[in-house]
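A.B. asks: Provided below for reference: sequence and predicted model.
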Amino acid sequence: QVQLVESGGGLVQAGGSLRLSCAASGRAFSSYAMGWFRQAPGKEREFVAAIGYSGRSTNVANSVTGRFTISRDNAKNTVYLQMNSLKPEDTAVYYCAASFGGMATTTQYDYWGQGTQVTVSS
């Protein structure tokens, strides 16, 4: 069993930055890949970024490439999403997720957090 708790969301003006954190507990953090997804009102949950077990491999959605960076600290059991140059269209609930099957861009992850709201004003 893995428990995931996101934090760091909030209200920010367009062009601003936020860093989301996801703290994990339960099974060994370094044994699973991590991902970030987001869901805006009335839309499906979409992939944002993923990172492999060690942190050496990452994948970022085209829509956020160059603006968002995913990283992890296995010593702290935490994964981060650094979001820069935020746009109003980035407004969504952001979820972190854990996968024992490796990095994936689909929602086929094993565990999910409750989400944290990010709102970008224009």
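C.D. replies: Ah, there it is. Residues are numbered from 1 along each chain as shown.

A.B. asks: in a helix, that's where Val118 is, yeah?
C.D. replies: No: assignment of Val118 by DSSP: H, G, I helix; E, B strand; the rest coil gives strand, placing it outside any helix.

A.B. asks: quick one: the residue most central in space within the chain from Glu6, how far?
C.D. replies: Residue closest to the average C-alpha location in the chain (C-alpha atoms, centre = their mean): Trp36, at 2.5 Å. Separation of Trp36 from Glu6 (C-beta to C-beta, to the nearest Å) stands at 9 Å. All C-beta spots, glycine's among them, are computed from the backbone N, C-alpha and C.

A.B. asks: Would you mind listing the residues touching both of the two?
C.D. replies: The contact sets of Trp36 and Glu6 overlap at 20, 22, 94-96 (C-beta atoms under 8 Å, 6 or more residues apart in numbering).

A.B. asks: Let me have those residues in a markdown table, adding distance to Gln108, neighbour count and secondary structure as columns.
C.D. replies: Converted to a markdown table, those look like this (distance: C-beta to C-beta, whole Å; neighbours: other C-beta atoms under 10 Å; DSSP: H, G, I helix; E, B strand; the rest coil):
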| residue | distance to Gln108 | neighbour count | secondary structure |
| --- | --- | --- | --- |
| Leu20 | 21 | 24 | strand |
| Cys22 | 18 | 25 | strand |
| Tyr94 | 18 | 23 | strand |
| Tyr95 | 14 | 23 | strand |
| Cys96 | 15 | 30 | strand |
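
A.B. asks: Dump these to CSV, plus distance to Phe47 and pLDDT.
C.D. replies: Formatted as CSV, the shared contacts of Trp36 and Glu6 follow (distance: C-beta to C-beta, whole Å; pLDDT from 0 to 100):
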residue, distance to Phe47, pLDDT
Leu20, 15, 98
Cys22, 15, 98
Tyr94, 12, 98
Tyr95, 11, 98
Cys96, 12, 97
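
A.B. asks: out of those residues, who's nearest Val118?
C.D. replies: Lowest distance from Val118 to those (C-beta to C-beta) belongs to Tyr94, with 5.5 Å.

A.B. asks: ok, the closest one touching Leu20?
C.D. replies: Yes: Tyr94 lies in contact with Leu20 (C-beta atoms under 8 Å); the separation is 5.7 Å.
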